[in-house]
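build me a model:
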Amino acid sequence: MKMFDVNRYAQMYYQNIQPSPGNDYPRLKAWEFLYEYIWDECRPHWADLINDDQIDTTALHIGFYLANWGMFRGSSGLLQNSNLDLMKALAKSLFTGKGPELLELSLDDFAAGSPNLVYNQKLLDEVLGAMEQLASNVSWTDTLKTKILMGVWGECPALDRFYIAACRDLFPRLPHITAASGKGLTALAGVVQSMKFRPLTFKTGRLKLSYPTARVMDMAMFNYGLGL
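Residues are numbered from 1 along each chain as shown. You can find the predicted model right below:
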């Protein structure tokens, strides 16, 4: 395995989130807006995000985040085949059923040897699979599904082309590392354990929420892949 300074690359990414002269409203900050909205302690129950008073706001937050992160372009079909009602359906899928159970887990719960590992892996697979049932004319790619979970959960990396390029360069023989699945998250947890690194403590701007470890890895791998 190549030497990989996670904190260096993550710090580079984090700097691009901060407002700077000529870039007062950095695009990459969109993740923080959604993550803070979802994890705001003023809503103690997951169902609060999809009640009659909140569902439109939740759907708009998710939709804007996905648009900001490029998911309404390309071949996903979201631009041509979706509206706010799909974002509402997506929100209901995420915050009912198996979704809330998954959201209570962290990357550590997917590490080899952790209690209930097989169950946790299956749980993630089921939540990912449930998204695919929402609209048959939308292409539910691994990139789209993992970007959704990155936004609302933070414990799953977004499997875009730069992240995948980094994985293939850094861990060319590691099974499942680029899979959108419970086993894929276990592979990432194994990488974190093998590196034995202490992630830098990044905080969101408004609520000062700590960035999850998987999000820090996502940032670092994205920036590494960007340079390949």
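
spatially central residue for this structure, please.
Centroid check for the chain by C-alpha atoms, centre = their mean gives residue 150 as the closest residue, at 0.9 Å.

which residues touch that one?
31, 156, 157, 158, 214, 215, 218 (C-beta atoms under 8 Å, 6 or more residues apart in numbering). Just so you know, the C-beta spots here come from the backbone N, C-alpha and C atoms, and that holds for glycine as well.

pick out whichever of those residues sits closest to residue 46.
The shortest approach to residue 46 among the contacts of residue 150 belongs to residue 156, at 16.8 Å (C-beta to C-beta).

quick check: the residue nearest to the centre of the chain vs residue 83, distance?
Distance of residue 150 to residue 83, given as C-beta to C-beta, to the nearest Å: 23 Å.

I figured residue 160 hits residue 144, correct?
No. Between residue 160 and residue 144 there is no contact under C-beta atoms under 8 Å: 9.8 Å.

which neighbours do those two share?
Between them, residue 160 and residue 144 share no contacting residue, judged by C-beta under 8 Å, 6+ apart.

rounded mean pLDDT for stretch 38-49, please.
Averaging pLDDT along stretch 38-49 gives 92.

what mean pLDDT does stretch 221-228 get?
94.

now do the buried residues in that stretch.
For stretch 221-228, a neighbour-count test (16 or more other C-beta atoms under 10 Å) marks 221, 222, 223, 224, 225 as buried.

over to stretch 186-201?
Of all the residues in stretch 186-201, those buried under the rule 16+ other C-beta under 10 Å are 186, 187, 188, 189, 190, 191, 192, 197, 199.
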